[in-house]
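Peer 1: predicted model, plus sequence, below.
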Amino acid sequence: MGGTVITEQTWNRSLNVNLDAAQVKRAENDTGRVTRAGRIVEHVAGLLFAGAYKPGERLPSVRQAAREQGVSKNTMAEAYDRLVAQGLLEARPGSGYYVAQFQLRRPTQPAPHVVSAIDVVSLLREQLDRHYEVRPGDGRPPSSWTEGSELRRYFSSFKTGDIADVEFGYGSGWGYGPLRDRVRMTLLERSIAVEPDGLLLTSGANHGLDLIIRHLIEPGDTVFVDDPGYYPLFAKLTLAKARMIGIRRGPDGPDLEDLSAKLALHRPKIFFTQSLAHNPTGSTLSPAVAFGLMRLAEHRGFLIVENDALADIVPPTLPRLAALDQLNRVLYVGTFSKTLSASLRCGYIAGQPSIVSSLSNLKMLTMVASSDYVERFVFNLIQGGQYLRHLRRLKARVEEAHKASKAEMEAAGLTVRPTVTPGFYLWAEFPDHDDELGICREAAEQGIFLAPGQVFTPDRKARGPAAIRVNVAYGTHPRFIDFLRRKTGEPPR
């Protein structure tokens, strides 16, 4: 038969070793309970990767192993089959199960641009893993703000309309037609006219930015970005090997003097910017800056990508570059994920049909289609009025939290950048401190998650006094405010 048999003593001893918390978590099934098969799979896999067994060794038979471990033959067979599916065991008909001839890949040193991109998104990783109790550095509103009230009831009874109309397939590469039409109507309210083939649905704003970068940016191309600006964008541009030049972000948008000075030295292909309720500074574009920026774009021949992630909670009459330009030089990116739910990845790109058509082809090549189910879900929320009612509550929460957070932080001795329109973010500086990372490390030791200002700069360098981006949902937390007061020397509340 070949191979060395794993003895009963070795088998029993190995399975009696306690599973650690991570193994147990991975072995949980959909009901949250740890399955017996899962315990066996996780533990045996761990031993194999640790080198406890040699390739070619034979495991006890299904009957024998099931008897020894006190489980049914079906459970034991399921565990073996999972290990075979993972490539760790080999099933030999009429003989049994053997340790496969697998080899662990040694970690390779990633390319420098990949290292830099991964380093930039370390803040995003913490937002997903959520290790900290107090989270003013988080980039998202709490789920209670976006998935409660109207939405929670609708989540539990999701209907796609007449089930006979639902095609159980990929859906259109352009996205769900009725939602595309509804988005075009919404953009008209913002004075942005979009042709029918000038709008593409995406899996959120980040997916839209990724498609644009893949299609339009070649290695070595120069691009302008807000400084400070949207750090996940910096990671994407780093992966694309683009040359990023930061344009100083002022209280009323990009600094036109800084932009003009850098246009004298560089020829950007694209300027990536966010006009309203800017992430991370909270600033909003003024009409004068908007007109000046569009004149420079026309004169110097660069495109603009306008990220309007919080469009649904700010007034539709505020100045937007896409409205001034009518999508001639502007690609307009929007999303429902920021205001609806981070788990519902649904967004869109609007622009010239020739560009959007190419982006649609790229979308189909890279992911076939975005989720038809999610897009139907979002459409039905809009059509049924639930989304409108949800937005009213969300706006009220944001306005209240924005005002309270700004007042608390200023009272604690920080300098908070002025804002015109309440949004999710405030930009605050420590007037007498310049060690941003030191402040953030000290906060982390106390269970407080902060977002240091230099993460939001394209070159990862601090600018002036230590600064942090603050999510207004957590900006009044007592532990956070007490920490700020200790750092600035203000007396406790």
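Peer 2: Good, I have the coordinates.
Peer 1: okay, now the sheet partners of the lengthiest strand in the chain, with direction.
Peer 2: Ranked by residue count and defined by DSSP state E, the top strand of the chain is strand 243-250. As defined by DSSP bridges, the strand partners of strand 243-250 come to strand 222-227 (parallel), strand 253-254 (antiparallel).
Peer 1: list the buried ones in it?
Peer 2: By 16 or more other CB atoms under 10 Å, the buried positions in strand 243-250 come out as Met244, Ile245, Gly246, Ile247, Arg248, Arg249, Gly250. Every C-beta, even on glycine, is put in place using the N, C-alpha and C of the backbone.
Peer 1: ok, the second one - contacts?
Peer 2: Going back to what we said before, that points to Ile245. Going by CB atoms under 8 Å, 6 or more residues apart in numbering, Ile245 touches Thr222, Val223, Phe224, Val225, Lys262, His266, Pro268, Pro458.
Peer 1: low-confidence ranges in the chain?
Peer 2: Within the chain, the stretches with pLDDT under 70 are 1-34, 51, 102-132, 146-171.
Peer 1: ok, so of the buried residues of strand 243-250, who is nearest Ser357?
Peer 2: Distance to Ser357, by CB to CB, is smallest for Met244 among the buried residues of strand 243-250, at 27.5 Å.
Peer 1: contact partners of stretch 314-329?
Peer 2: Stretch 314-329 is contacted by residues 187, 189-194, 198, 273, 275-277, 284-287, 290-291, 293-294, 297-298, 302-304, 306, 308, 330, 332, 350-352, 421, 423 when judged by CB under 8 Å, 6+ apart.
Peer 1: mind redoing it with 6 Å?
Peer 2: For stretch 314-329, the external contacting residues (CB atoms under 6 Å, 6 or more residues apart in numbering) are 189-192, 275-277, 285, 287, 290, 294, 297, 303-304, 306, 330, 332, 351, 421.
Peer 1: so how do I select the buried members of those residues in ChimeraX?
Peer 2: Remark: buried members of the contacts of stretch 314-329, expressed as a ChimeraX selection using 16+ other CB under 10 Å:
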select :190,192,275,276,277,285,290,294,297,303,304,306,330,332,351,421
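Peer 1: so which of the contacts of stretch 314-329 sit within helices?
Peer 2: Secondary structure from DSSP state H places Glu189, Pro287, Ala290, Met294, Ala297 of the contacts of stretch 314-329 in helices.
Peer 1: about what we covered before: determine which stretch of the strands paired with strand 243-250 is the most buried.
Peer 2: strand 253-254 (a mean of 28; mean count of other CB atoms under 10 Å).
Peer 1: and the following helix or strand past it, what does it pack onto?
Peer 2: Remark: after strand 253-254, the chain's next helix or strand is helix 256-263, criterion DSSP states H and E. Here helix 256-263 touches strand 243-250, going by 3 or more CB pairs under 6 Å, 6 or more residues apart in numbering; DSSP states H and E.
Peer 1: kindly recompute the last result at 10 Å.
Peer 2: strand 222-227, strand 243-250, helix 287-300 (3 or more CB pairs under 10 Å, 6 or more residues apart in numbering; DSSP states H and E).
Peer 1: how about JSON lines for these, with distance to His215 added?
Peer 2: JSON lines is the format used below for those (distance: least, CB to CB, whole Å):
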{"stretch": "strand 222-227", "distance to His215": "13"}
{"stretch": "strand 243-250", "distance to His215": "18"}
{"stretch": "helix 287-300", "distance to His215": "19"}
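Peer 1: my guess is Arg249 contacts Asp227. True?
Peer 2: Yes: counting by CB atoms under 10 Å, Arg249 does reach Asp227; the two are 6.0 Å apart.
Peer 1: now the common contact residues for these two.
Peer 2: Asp255, Asp258, Phe456 (CB atoms under 10 Å, 6 or more residues apart in numbering).
Peer 1: ok, so of the residues you listed, who is nearest Leu239?
Peer 2: Checking the shared contacts of Arg249 and Asp227 against Leu239 by CB to CB gives Phe456 as the nearest, at 17.8 Å.
Peer 1: identify the residues contacting the residue nearest to that closest one when sequence neighbours are not counted.
Peer 2: Of all residues not flanking Phe456 in the chain, Pro228 sits nearest, at 3.7 Å (CB to CB, 6 or more residues apart in numbering). Counting by CB under 10 Å, 6+ apart, Pro228 touches 246, 248-249, 278-281, 427, 453-458, 463, 467, 469.
Peer 1: what's the answer for Glu400, then?
Peer 2: Going by CB under 10 Å, 6+ apart, Glu400 touches Pro422, Val472.
Peer 1: tally of neighbours for Lys403?
Peer 2: By the criterion of other CB atoms under 10 Å, Lys403 has 12 neighbours.
Peer 1: secondary structure element for it, which one?
Peer 2: helix 386-411.
Peer 1: and that helix, how far from the chain's centre?
Peer 2: Distance of helix 386-411 from the chain centroid (CA atoms, centre = their mean, to the nearest Å) equals 22 Å.
Peer 1: tell me which residues in it are buried?
Peer 2: Within helix 386-411, the residues scored as buried using 16+ other CB under 10 Å are Gln386, Tyr387, His390, Leu394, Arg397, Val398, Ala401, His402, Ser405, Lys406, Glu408, Met409.
Peer 1: one more: stretch 455-464?
Peer 2: Buried residues in stretch 455-464, counted by 16+ other CB under 10 Å: Val455, Phe456, Thr457, Pro458, Arg463.
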